[in-house]
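**Q** kindly generate the corresponding structure for this input.
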Amino acid sequence: MTIVAEGSKSEQAYAWIRSRIASHAYGPGYRLVLGPIADELGMSVVPVREAIRRLEAEGLVTFERNVGARVSLIDESEYAHTMQTLGLVEGAATALSAPHLDADALERAAEVNARMVRLLDHFDAHAFTDLNRQFHSVLFEPCPNPHLLDLVHRGWARLSGIRDSTFAFVPGRARHSVEEHAQILDLIRAEADPLEIELAARNHRWRTMDAFLTSRHEPTTRTTTEGR
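**A** Prediction:
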């Protein structure tokens, strides 16, 4: 029997199943059968069913007639459109935020990135993704344009619903990602031209998209823009 974390049984089941999806132990299309999962967790099927319904609301699980619950298949077109859009708005938000990022904020971002580097040798895609969100949040949250910031938040929420962690599929992308984080921080510290910062943040997002789509044996829908 698996030992799960504290909290209600439904919360425990939710966290456990979600972590299995994030780590790709339960890949796209994997059938989530209530009984075996409940047995594994040492609980009844009721909290497991509640957890799966919650995951369905987040877009990570779908129900099919005469089949039951399955881990959602990745809609590659939706993923690409979301990443393209997020690259544009997050890049702009990061550039607008740059003048408002003081030394303490940049140090916080650098520390998060250092924690991501330490994960590389014992890779945990879910933990890496959480830290990735924290890193980018430090850089775009000071954006003075509330409409642009709202679009960034919507993009992250939509991306989470499509796939919790791209890095579960392309773990090799993680090392390049932290290197690009350091480059973005260097540009901000150097008070580089806003367009240069915007393009660095945008291309960072699009490179992750390209790596994922390539790993899925699909042609990339958009290549990164170099020195435009």
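**Q** dump the residue contacts of the spatially closest residue to Phe135 that is not a sequence neighbour.
**A** Once flanking residues are discounted, Phe135 sits nearest to Val112: 4.5 Å by C-beta to C-beta, 6 or more residues apart in numbering. Using the backbone N, CA and C atoms, a C-beta is placed for each residue, glycine as well. Val112 makes contact with Leu131, Gln134, Phe135, Val138, according to C-beta atoms under 8 Å, 6 or more residues apart in numbering.
**Q** what is the mean pLDDT for the helix or strand hosting the first one?
**A** It stands for Leu131. Using DSSP states H and E, Leu131 falls within helix 125-140. Helix 125-140 shows a mean pLDDT of 92.
**Q** got the contact list for the helix or strand following that helix?
**A** Tracing the chain C-terminally past helix 125-140 and defining elements by DSSP H and E, one meets helix 146-162 next. By C-beta under 8 Å, 6+ apart, the residues outside helix 146-162 that reach it are 58-60, 74-75, 78-79, 82-83, 85-86, 89-90, 92-93, 96, 133, 140-141, 143.
**Q** out of these, which end up buried?
**A** Listed as buried from the contacts of helix 146-162 are 59-60, 74, 79, 82-83, 85-86, 89-90, 92-93, 96, 140, 143; burial here means 16 or more other C-beta atoms under 10 Å.
**Q** among those residues, name the ones in strands.
**A** The strands, defined by DSSP state E, take in nothing from the buried ones among the contacts of helix 146-162.
**Q** need the contact list for Ile37.
**A** Applying C-beta under 8 Å, 6+ apart, the residues contacting Ile37 are Ala13, Ile17, Val48.
**Q** report the buried residues of the helix or strand containing the last one.
**A** Okay, so that is Val48. Element membership for Val48, per DSSP H and E: helix 45-57. For helix 45-57, a neighbour-count test (16+ other C-beta under 10 Å) marks Val45, Pro47, Val48, Arg49, Glu50, Ala51, Ile52, Arg54, Leu55 as buried.
**Q** Throw the residues you listed into CSV and include pLDDT and distance to His122, thanks.
**A** Compiled in CSV, the buried residues of helix 45-57 are given as follows (pLDDT from 0 to 100; distance: C-beta to C-beta, whole Å):
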residue, pLDDT, distance to His122
Val45, 95, 34
Pro47, 95, 31
Val48, 96, 29
Arg49, 94, 34
Glu50, 95, 32
Ala51, 94, 27
Ile52, 94, 29
Arg54, 91, 29
Leu55, 89, 26
